[in-house]
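Colleague: turn this into a structure:
(one chain, ligands or ions: 1)
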Amino acid sequence: LMQIYRPLNMIGFVYREIRQGLTDIEEMFKLLDQDPEIVDKPDARPLAITGPVIRFDDVHFQYDHDRPILKGVSFEVPAGKTIAVVGPSGAGKSTISRLLYRFYDVSSGAVTIDGQDVRDITQNSLRSAIGMVPQDTVLFNDTIAYNIRYGRPDATDEEVRQAARMAQIGEFIESLPRGYDTPVGERGLKLSGGEKQRVAIARTILKAPPILVLDEATSALDTKTERDIQSALDAVSKNRTTVVIAHRLSTVINADEIIVLRDGQIAERGRHPDLLMRDGLYAQMWNRQREATEAEEHLRAVQADK
Ligand code: ATP
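Modeller: Numbers count the residues shown, from 1 in each chain. Just a heads-up that it's a prediction; the model follows:
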């Protein structure tokens, strides 16, 4: 009997492993971008949240030995506030979000949440406290409802619908013939970049994490989509400690502090009007972006008139 039992037991084991593997596919994507040396300390404790207040203290970081990426970055995000990180491509903006999520460890300095160094807490508790809305959301080949519910698998249908509405994607979903049961992803309905990002926002609304990290898509959006996404982001970041890797004017205007990163260092910091007055790198960047947006709007208006 044992001869039959053992292989059967093995099949059960393999089945469970595969199923676990499939549900962990998003985790796997994250792992691909993670340093294999990141492990919990033997005495790691779960993160205890009071604020949460995020601090970067004189953070230095390099992916490769000979190329420093962050060179002494310090800032604090008070509880419930929003900080926007802007700067030229390659300045190290996304690296900040990776260090907060502890995909990598700092070379020196520290990243803390409510005074706890992220290296001293369990990765599990750290990551369940952070909601990430990435630039490009990978959707599962499943229904829209499934993709939103992924944020909290025990959410009810009504909660899924509410999250979708708050993320400004509810009306769109409800207008589809199959509504929330519409298959999406590779083999289903192809959603635009802006729609996918709103699905990710709905997912994060369901997860309701105390900390939020948004990596905005660089791609240009039309004014209406930008406005929709902005109100979705306002809904999700309200009263949450938020770090936005920002590419759009509408996000930074409302940020409590803007950090302008250049070449791994903070070149300027402050609120939008103060930074515009300084007439430095920030003012240059946003004037250029505004001109580009205006030119694009003009082009659209001309095309619409034809
Ligand atoms: P963008 O606005 O273009 O997204 P960014 O400011 O977010 O740029 P980062 O993604 O933080 O820039 O990258 C900063 C630098 O680190 C870049 O020069 C990049 O090539 C380098 N870099 C990023 N990831 C890795 C990695 N895994 N290994 C080695 N170098 C990396």
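
Colleague: low pLDDT regions in the protein?
Modeller: Low-confidence segments of the chain, defined by pLDDT under 70: 1-36, 217-221, 306.

Colleague: buried residues of the lengthiest helix in it, list them for me.
Modeller: For the chain, the helix that runs over the most residues, judged by DSSP state H, is helix 281-305. Neighbour-count burial for helix 281-305, counted by 16 or more other Cβ atoms under 10 Å, picks out 281-282, 285-286, 289, 293. Any C-beta I mention is one placed from the backbone N, CA and C, and that applies to glycine too.

Colleague: do the same with stretch 186-194
Modeller: Within stretch 186-194, the residues scored as buried using 16+ other Cβ under 10 Å are 188, 191, 194.

Colleague: separation between E291 and M285?
Modeller: In this view, E291 and M285 are 11 Å apart by Cβ to Cβ, to the nearest Å.

Colleague: one step back: and which of the buried residues of stretch 186-194 is nearest to the ligand?
Modeller: Distance to the ligand across the buried residues of stretch 186-194 (Cβ to the nearest ligand atom) is lowest for G194, with 17.9 Å.

Colleague: which one is that closest one nearest to, not counting chain neighbours?
Modeller: Nearest residue to G194, sequence neighbours excluded (Cβ to Cβ, 6 or more residues apart in numbering): T225, at 4.4 Å.

Colleague: what helix or strand is that neighbour located in?
Modeller: Using DSSP states H and E, T225 falls within helix 223-237.

Colleague: how about T112?
Modeller: In this assignment (DSSP H and E), T112 forms part of strand 108-113.

Colleague: which helices and strands sit right next to that strand?
Modeller: Packing contacts for strand 108-113, counted by 3 or more Cβ pairs under 8 Å, 6 or more residues apart in numbering; DSSP states H and E, involve strand 54-62, strand 68-77.

Colleague: list the strands paired with that strand, with their directions.
Modeller: Partners of strand 108-113 in the sheet, by DSSP bridges, are strand 54-62 (antiparallel), strand 116-117 (antiparallel).

Colleague: looking at this, L47 is in a strand?
Modeller: No - counting by DSSP: H, G, I helix; E, B strand; the rest coil, L47 is not part of a strand but coil.

Colleague: looking at it, it is touching L126, isn't it?
Modeller: Yes - the criterion here is Cβ atoms under 8 Å, and L47 meets it with L126 at 5.6 Å.

Colleague: what touches both of these two?
Modeller: Here L47 and L126 have I113 as joint contacts, going by Cβ atoms under 8 Å, 6 or more residues apart in numbering.

Colleague: and the residue in the stretch 201-306 of the chain that the ligand sits nearest to, backbone torsions?
Modeller: Of all residues in the stretch 201-306 of the chain, I245 sits closest to the ligand, at 6.2 Å by Cβ to the nearest ligand atom. Per-residue torsions, I245: phi -90, psi 100 (degrees, to the nearest 10).

Colleague: list the beta-bridge partners for it.
Modeller: V85, D215.

Colleague: residues in contact with it?
Modeller: By Cβ under 8 Å, 6+ apart, the neighbours of I245 are 85, 93-94, 96-97, 213-216.

Colleague: could you pull out the buried residues of stretch 149-164?
Modeller: Across stretch 149-164, burial judged by 16+ other Cβ under 10 Å covers 149-152, 155, 159-164.

Colleague: is stretch 282-301 in proximity to the ligand?
Modeller: No - against the ligand, stretch 282-301 shows no contacts by Cβ under 6 Å from any ligand atom, the least distance being 11.5 Å.

Colleague: not counting that stretch itself, show me its contacts.
Modeller: So stretch 282-301 is contacted by 86-88, 220, 222-223, 249, 252, 258, 260, 268, 275-277 (Cβ under 8 Å, 6+ apart).

Colleague: chain center to stretch 246-262: distance?
Modeller: 15 Å (Cα atoms, centre = their mean, to the nearest Å).

Colleague: ok so, going back, could you check the angle strand 68-77 makes with the strand holding T112?
Modeller: Here the directions of strand 108-113 and strand 68-77 differ by 40 degrees (axes from the mean of the first three to the mean of the last three Cα atoms, to 10 degrees).

Colleague: count the neighbours of D256 for me.
Modeller: The local packing of D256 (other Cβ atoms under 10 Å) involves 13 other residues.

Colleague: residues in contact with it?
Modeller: So, once contact is read as Cβ under 8 Å, 6+ apart, D256 ends up touching 78, 81-83, 271.

Colleague: got a PyMOL select line for the buried ones in the residues you listed?
Modeller: Restricted to buried positions by 16+ other Cβ under 10 Å, the PyMOL selection for those reads:
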select buried, resi 81+82+83
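
Colleague: adding secondary structure, write the contacts of D256 out as JSON lines.
Modeller: Shown next, in JSON lines, are the contacts of D256 (three-state DSSP):
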{"residue": "P78", "secondary structure": "coil"}
{"residue": "K81", "secondary structure": "coil"}
{"residue": "T82", "secondary structure": "strand"}
{"residue": "I83", "secondary structure": "strand"}
{"residue": "R271", "secondary structure": "coil"}
